[in-house]
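Chemist: pasting the structure only:
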């Protein structure tokens, strides 16, 4: 993967760039819709690309390994062909999912033993196996296997966890260098900076991961319970150390305000289930603020979902109609809300690019974070 840094904002650390992958160019900053098992819930790939404007989506190693399994994916020619998605794919290593199974997993130096949430069967993820699985999936961007401690972990646990993550990272890159791309295009392995909410550990990790000369770097273990100001502080600490000529990916974040604050601190890539998960539950993110479409106040509001028209559904449907569908439990409500929210997130990062290029990102961002945080 090649990364081309293009523009820098004069008053913040925001920047724009392009990532060149085997499945196309991705313009940054970018938001990646989450397609955990090879699909973004309730959204056709056609609409993701043509209407939402998604340039890259995310899959998950843990879930795809359990179902449909690497044998099926290899026989299909990889996840791109299996799912008919022809643009880039990033895969999370599954570390977060495995470590969230607190009652059914065991961490050792070798890896993590866990039981499937599907049928209770026992499995072992090692750094080597996780690389092999992602090779079989065929992701353009593969994440290294790491331990993701709680946002409230004490210093001693966070330090021990970080050392384990670093040892696993060495094993991931050893395996990566010993294996080849499976489907005729280059795959990249991305290390993850950990360290919980401790600046010293974050600095240590950011310095360590650079030894591998990776195509990009990720910041993990944030938005897991710590206050937002602490998250922003950790981003500043890490991005002050990571190389400027490589993309920076903030994992699992977040709200529209989180995105703008992180972009202002030099982050290039994001993913989060919030647009689709919250959309299915009636929460809409708009250019004017946050809407709970189930509220009675929208019952006879025949205005567009978002007056800025960030998605084609905003031009087709009113708040009143969407509320009716949501209250009635119609599947179409979840589809419309998911399409709107994903389109809004992609509009937000796209508008951030335009503001950075115009030299107006700083004041625009300050106005937007106030609007985006309010509940309508």
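Modeler: Received it, and whenever you're ready, just let me know what you need. The structure presented is a predicted model; accordingly, all values stated were derived computationally and were not measured.
Chemist: As a check, name the ranges of all strands in the stretch 101-250 of the chain.
Modeler: 105-107, 112-115, 122-125, 141-143, 188-190, 192-193, 217-219, 248-250 (DSSP state E, counting those that start in this stretch).
Chemist: any weak-confidence spans in this protein?
Modeler: Confidence mapping of the chain against pLDDT under 70 gives the ranges 99, 101-102.
Chemist: Quickly list the domain ranges of it.
Modeler: 2-272, 279-373 (automatic domain parsing).
Chemist: how about those in TSV, adding mean neighbour count?
Modeler: C-beta coordinates here come from the backbone N, C-alpha and C atoms, glycine included. Formatted as TSV, the domains of the chain follow (neighbours: other C-beta atoms under 10 Å):
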stretch	mean neighbour count
domain 2-272	19
domain 279-373	18
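Chemist: The strands of the stretch 101-250 of the chain: which one's closest to residue 85?
Modeler: Minimum separation from residue 85 across these (C-beta to C-beta) falls at strand 141-143, 13.9 Å.
Chemist: Parallel or antiparallel, which strands does the closest one pair with?
Modeler: When pairing is defined by DSSP bridges, strand 141-143 lines up against strand 89-92 (parallel), strand 188-190 (parallel).
Chemist: Let's have these in JSON lines, adding distance to residue 289.
Modeler: Shown next, in JSON lines, are these (distance: least, C-beta to C-beta, whole Å):
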{"stretch": "strand 89-92", "distance to residue 289": "30"}
{"stretch": "strand 188-190", "distance to residue 289": "34"}
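Chemist: next one: stretch 43-58 to chain centre, how far?
Modeler: Remark: stretch 43-58 is offset 15 Å from the chain centroid, using C-alpha atoms, centre = their mean, to the nearest Å.
Chemist: nope, stretch 24-43 is what I meant
Modeler: How far stretch 24-43 lies from its chain's middle: 8 Å, per C-alpha atoms, centre = their mean.
Chemist: what sits against residue 39?
Modeler: residue 83 (C-beta atoms under 8 Å, 6 or more residues apart in numbering).
Chemist: same thing but at 10 Å, please
Modeler: Shown in contact with residue 39 (C-beta atoms under 10 Å, 6 or more residues apart in numbering): 45, 48, 57, 59, 83, 85.
Chemist: quick one: secondary structure of it?
Modeler: Here residue 39 is coil, with the state taken from DSSP: H, G, I helix; E, B strand; the rest coil.
Chemist: any idea how far residue 83 is from it?
Modeler: 7 Å (C-beta to C-beta, to the nearest Å).
Chemist: overlap in contacts of those two?
Modeler: Common neighbours of residue 39 and residue 83 (C-beta under 10 Å, 6+ apart) are 45, 57, 59.
Chemist: I'd like to know which of those residues are part of helices.
Modeler: Members of the shared contacts of residue 39 and residue 83 lying in helices (criterion: DSSP state H): residue 45.
Chemist: can you put the shared contacts of residue 39 and residue 83 in TSV and add distance to residue 303?
Modeler: Output for those, formatted as TSV (distance: C-beta to C-beta, whole Å):
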residue	distance to residue 303
45	30
57	31
59	37
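Chemist: between the shared contacts of residue 39 and residue 83, which is closest to residue 325?
Modeler: residue 45 (23.0 Å).
Chemist: Chain neighbours aside, what residue packs nearest to that closest one?
Modeler: residue 85 (5.2 Å; C-beta to C-beta, 6 or more residues apart in numbering).
Chemist: and the one you found, what does it touch?
Modeler: 23, 35, 38-40, 45, 48-49, 54, 56-57, 59, 79.
Chemist: can you check residue 38 too?
Modeler: Applying C-beta under 10 Å, 6+ apart to residue 38 gives the contacts 45, 57, 59-60, 63-64, 67-68, 73, 79-80, 82-85, 89, 137.
Chemist: Which members of those residues occur in helices, if any?
Modeler: 45, 63, 64, 73, 79, 80, 82, 83, 137.
Chemist: Quick one: those as a markdown table, columns for distance to residue 3 too.
Modeler: Listed next are the ones in helices among the contacts of residue 38 as a markdown table, based on distance: C-beta to C-beta, whole Å:
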| residue | distance to residue 3 |
| --- | --- |
| 45 | 25 |
| 63 | 28 |
| 64 | 26 |
| 73 | 27 |
| 79 | 23 |
| 80 | 21 |
| 82 | 27 |
| 83 | 25 |
| 137 | 22 |
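Chemist: right, and the pair among those residues with maximum separation?
Modeler: Among the ones in helices among the contacts of residue 38, 45 and 63 lie farthest apart (C-beta to C-beta), at 17.7 Å.
Chemist: ok so, going back, which single one of the ones in helices among the contacts of residue 38 is nearest to residue 155?
Modeler: Nearest member of those to residue 155, counting by C-beta to C-beta, is residue 63, at 32.3 Å.
Chemist: Hmm, residue 92 and the closest one touching each other?
Modeler: Yes: taking C-beta atoms under 10 Å as the definition, residue 63 is a contact partner of residue 92 at 9.3 Å.
Chemist: where do the strands sit along the stretch 251-376 of the chain?
Modeler: 269-271, 283-286, 289-292.
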